[in-house]
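Student: here is the input, now give the coordinates:
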Amino acid sequence: MNRELQESIGTDPMNGIEMLDISNPEDPVMISVFPYPEVPEDFPYENFNYCGLPLPGPFGPHNLHEPMTNKPWIENNPNRVYVCYFHVGLRVYDVHDPFVPKEIAYFIPPNPEELYFDLKMANPPLGTMEDVVVDDRGNIFVNTMHDGAYILRCLV
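Tutor: Model (predicted):
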């Protein structure tokens, strides 16, 4: 979408994750789209597009855990997808049925009381998840933009 059209409608395009069947690498086929992340009942905004921003802002997947078969200390579960979604937090999906990915857990970091960087922001500062890696014990290591790192576990 060009910038002029985007400004006229006042929002950014949706960012998402898709599941592809690559059994024929010469003809990959999209078989599903991951769902919009679940908005908690106590979340202070209507949805993740309106988070104190003057216009509906973009959000979307940032970094995903990448299984590596040559690294035995990294989780290599083909039925799980772990993804950081910036201010939408960490999302965990069950993909045992690749046609129907399901969100099974999430963690949204608290909004920072102060910023670590000298940034000019038009909106209130939001907790922001950046990177994720999962070890073979099920420990989920994530870092944030403003308040450090967390070690989590998915109990589902």
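Student: what's the burial count for P67?
Tutor: P67 has 15 neighbours, counted by other C-beta atoms under 10 Å. Yep, even glycine has a C-beta here, placed from its N, CA and C like the rest.
Student: check whether the residue of the chain most remote from its centre sits in a helix, strand or coil.
Tutor: Here the chain reaches farthest from its C-alpha mean at E26, the gap being 28.6 Å by C-alpha atoms, centre = their mean. Classification of E26 using DSSP: H, G, I helix; E, B strand; the rest coil returns coil.
Student: surely D94 touches I104?
Tutor: Yes. Using C-beta atoms under 8 Å, D94 makes contact with I104 at a distance of 4.8 Å.
Student: overlap in contacts of those two?
Tutor: Residues touching both D94 and I104 (C-beta atoms under 8 Å, 6 or more residues apart in numbering): V156.
Student: looking at this protein, which helix or strand is least sure?
Tutor: helix 3-9 (a mean of 51; mean pLDDT, DSSP states H and E).
Student: and the strands in this structure?
Tutor: 18-21, 29-33, 63-64, 80-84, 90-94, 102-107, 129-134, 139-144, 149-153 (DSSP state E).
Student: ranking those by mean pLDDT, which is last?
Tutor: Among those, strand 63-64 has the lowest mean pLDDT, at a mean of 86.
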